[in-house]
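Novice: sequence? don't have it. structure:
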């Protein structure tokens, strides 16, 4: 049996009316766009990791009570398998952001409409971004209480 490397990632859809919070970042020498997202760290719960990534990349602390989906994806460039947990939250209007990214990859945050996000094309970091927006807009949700941590 072969063993494939894998990564657990966490993403948060933040909606304010017809706008969604996107992060502009440097990745592999290119400017890319993503939802606030990142990797699960050792000893961290899924929910706490999502909250940490949201805070680091946007400066926002928001309640996360629902998740959209769990995605499995194999990156075509390096074969890395990703398991991505996507959470969601809504705010009444776009909020000011203040990235606190310790890695220095975040350029700035943007509140964009779905057509503006779609127009980014190959600047989107992953195909899971649009997949999660489609699922979110279709009303797909499950409570974060469904995520259990066993110690």
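Specialist: Structure received. Since the structure is predicted, the reported quantities are computational estimates derived from the model, not experimental observations. Residues are numbered from 1 along each chain as shown.
Novice: Give me the distance from the lengthiest helix in the chain to the chain's centre.
Specialist: Looking across the chain with DSSP state H, the single longest helix is helix 46-58. The chain centre lies 9 Å from the centre of helix 46-58; the measure is Cα atoms, centre = their mean, to the nearest Å.
Novice: Pull out the buried residues from that helix.
Specialist: 46, 47, 49, 50, 51, 53, 54, 55, 56, 57, 58 (16 or more other Cβ atoms under 10 Å). All C-beta spots, glycine's among them, are computed from the backbone N, C-alpha and C.
Novice: Can you list the residue ranges for strands in this protein?
Specialist: All strands of the chain, identified by DSSP state E, fall at 6-16, 19-27, 30-34, 37-39, 66-74, 81-90, 106-113, 142-143.
Novice: okay, now residue 63: neighbour count?
Specialist: Close neighbours of residue 63, defined as other Cβ atoms under 10 Å, add up to 10.
Novice: And stretch 97-117, what's buried?
Specialist: Residues of stretch 97-117 classed as buried: 97, 99, 101, 105, 106, 109, 110, 111, 112, 117 (neighbour count, 16+ other Cβ under 10 Å).
Novice: Between those residues, which sits nearest residue 6?
Specialist: Closest approach between the buried residues of stretch 97-117 and residue 6, by Cβ to Cβ: residue 105, at 21.4 Å.
Novice: my guess is the closest one meets residue 28, correct?
Specialist: No - contact criterion Cβ atoms under 8 Å: residue 105 and residue 28 do not qualify, at 10.3 Å.
Novice: circling back: rebuild the strands of the chain as a markdown table, extending it with mean pLDDT.
Specialist: Output for the strands of the chain, formatted as a markdown table (pLDDT from 0 to 100):
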| stretch | mean pLDDT |
| --- | --- |
| strand 6-16 | 95 |
| strand 19-27 | 96 |
| strand 30-34 | 96 |
| strand 37-39 | 95 |
| strand 66-74 | 95 |
| strand 81-90 | 95 |
| strand 106-113 | 97 |
| strand 142-143 | 96 |
